[in-house]
Structures are given as structure tokens and as C-alpha cells.
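A.B. asks: I need the structure of the sequence given here:
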Amino acid sequence: MRHIDRLPIPRILSDKQNEWQEKYEQKLAESLKARPDASKYGHKDIRQQLNSCSFNKCFYCESKLVGTLREIDHYVEVAIDPSGAFEWTNLYLSCNNCNDKLDHNTVPVTEALNPCVDSDEEIQRHITFERECICSQAGSEKGLNTIRKFRLDSDALDLKRSKWLNKLATIVIEIDNKMREESRTVHSLEEKERICRFMQSDQPYSLMCEKYIRTYISWAVS
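C.D. replies: From the prediction side, this is the model:
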């Protein structure tokens with residue numbers, strides 16, 4: 001999870017939000033189990049704007065969603081607050097793993113981190129990584145709740161993160177081999193940039209990579 005700067009509301013949503021909300025509330029008056037129309041809040045222009053917000057990554061786990069199933073998640077569930085069904089600030093891009101989150105009664109969102117509100121510094125106060133395994137910072141209940149709510153410690157995510165770390169490790173080995181061949185003891189700027197690119201917010205699992213690089217590849221950030 002990294003902080004996400006939300007882009008301006010898409011035109012289709014600013015034009016249609018009130019109309020869509022009114023229709024949804026009419027449905028709710030007939031049945032409390034009614035759901036908002038997913039084809040509306042999932043409009044292609046809304047999806048595209050959400051994609052741009054997060055560089056085509058899941059807002060929660062940082063998995064790249066290009067070519068994979070992506071879902072529009074209501075950060076505050078409509079069962080808790082129906083008024084947020086078409087609220088721009090309540091729409092998050094999610095992979096199917098994180099969208100299968102624990103409900104509000106189990107872990108309220110108010111007790112977990114919010115990538116669109118909390119800064120990178122705040123997020124790192126509560127969650128960290130041991131290689132590909134996500135864990136809470138010592139004593140952080142909010143970190144535990146965040147991991148638990150969005151299932152950030154699933155086996156599937158551990159596997160994806162492990163594969164990404166292996167990609168990083170392969171590059172480090174290539175650089176080390178090249179340095180030995182050239183009898184160098186100092187890394188070039190290009191080599192450092194190649195490693196630090198993994199920490200950029202447009203890259204998958206950038207928070208994990210930052211933790212890994214600062215711990216095991218300190219020459220890249222020195």
C-alpha cells in the first residue's frame with residue numbers, strides 16, 4: 001500500500017452522480033438489499049481515471065492490474081452508507097483478492113489505513129515487510145487491521161511479491177557480475193537508478209521493494 005493522490009472527478013460522474021444516486025435510493029425504498037448499478041460506477045471513464053490514480057495498480061496491495069481482473073470497490077460499504085454509492089472519493093480500484101475484504105462489522109475502515117488519506121510516512125508507521133511477507137510494525141493495531149481487512153497476507157499475494165523480489169535480485173546479480181568483470185568497486189549512477197526504479201510509486205509492490213532495497217541493497221540509496 002502506498003499513498004494515492006486522487007485525480008479530479010470524471011466528467012461522467014460529476015454529471016450523473018445525483019441522477020444515479022436518486023435511482024438507487026428509489027430501489028432501496030423497495031428493497032433494503034438493493035445494490036447500486038455497477039455499470040454506472042464502473043463506467044469506462046471512471047475506471048480509466050482510477051487506473052490513472054494508481055498507475056494501474058490495486059489501491060490496497062499494489063498489484064498491477066493490466067490484463068487481469070479489476071474491480072471497483074466501495075471503500076465504505078454501501079450497506080453501511082448508501083449515500084456513498086456514487087461518491088468519487090469512495091470508489092477505489094481493487095484486485096479481486098483485496099475486494100473480498102472483511103466486512104465493516106469485522107474490521108471497520110476507520111480502524112485501517114486509507115491509501116487515499118494516509119501519507120507514505122503514516123503507512124510505513126504501521127506496516128512493513130520481511131522480504132515478501134507483509135507484517136505490522138511492532139504494536140500497531142492499525143497495521144494488523146489493515147492486513148487483515150484487505151487480506152494483504154494471502155498466499156497468492158506472497159507468491160506475486162516473491163516473484164517480483166526475484167526479478168529485483170536477478171538485476172542485482174547482473175550488476176555484481178558486471179562489476180567483477182570490469183574490476184570496479186563503485187556502482188554507476190545508472191546501476192543505482194536501475195535498482196531505485198523499483199521503489200517508484202508506479203511500480204508494483206513499491207513499498208516492499210523500498211524496504212528490501214534499504215535493508216539489503218543499501219549501496220543503491222547511499
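
A.B. asks: by contact count, what packs against the longest helix seen in the chain?
C.D. replies: Longest helix of the chain, by residue count under DSSP state H: helix 155-181. Where contact means 3 or more CB pairs under 8 Å, 6 or more residues apart in numbering; DSSP states H and E, helix 155-181 is packed against strand 133-136, helix 189-196, helix 206-216. All C-beta atoms are positioned from the backbone trio N, CA, C, and that covers glycine.

A.B. asks: So Lys142 versus Lys40, what's the distance?
C.D. replies: From Lys142 over to Lys40 the distance is 33 Å, taken as CB to CB, to the nearest Å.

A.B. asks: all strands of the chain, in order?
C.D. replies: Ranges of strands within the chain are 70-74, 91-95, 127-130, 133-136, based on DSSP state E.

A.B. asks: Would you mind finding the most buried of those strands?
C.D. replies: Neighbour counts (mean count of other CB atoms under 10 Å) averaged over each of those peak at strand 91-95, with a mean of 25.

A.B. asks: Quick check: Val221 vs Met179, distance?
C.D. replies: 17 Å.

A.B. asks: repeat for Gln48
C.D. replies: Note on Gln48: its distance to Met179, by CB to CB, is 43 Å.

A.B. asks: can you check Arg151 too?
C.D. replies: Per CB to CB, Arg151 is found 40 Å from Met179.

A.B. asks: One more: Asn18?
C.D. replies: Going from Asn18 to Met179 by CB to CB gives 61 Å.

A.B. asks: These two - which one has more neighbours?
C.D. replies: A side-by-side neighbour count of Asn18 and Met179, using other CB atoms under 10 Å, places Met179 first with 15 against 10.
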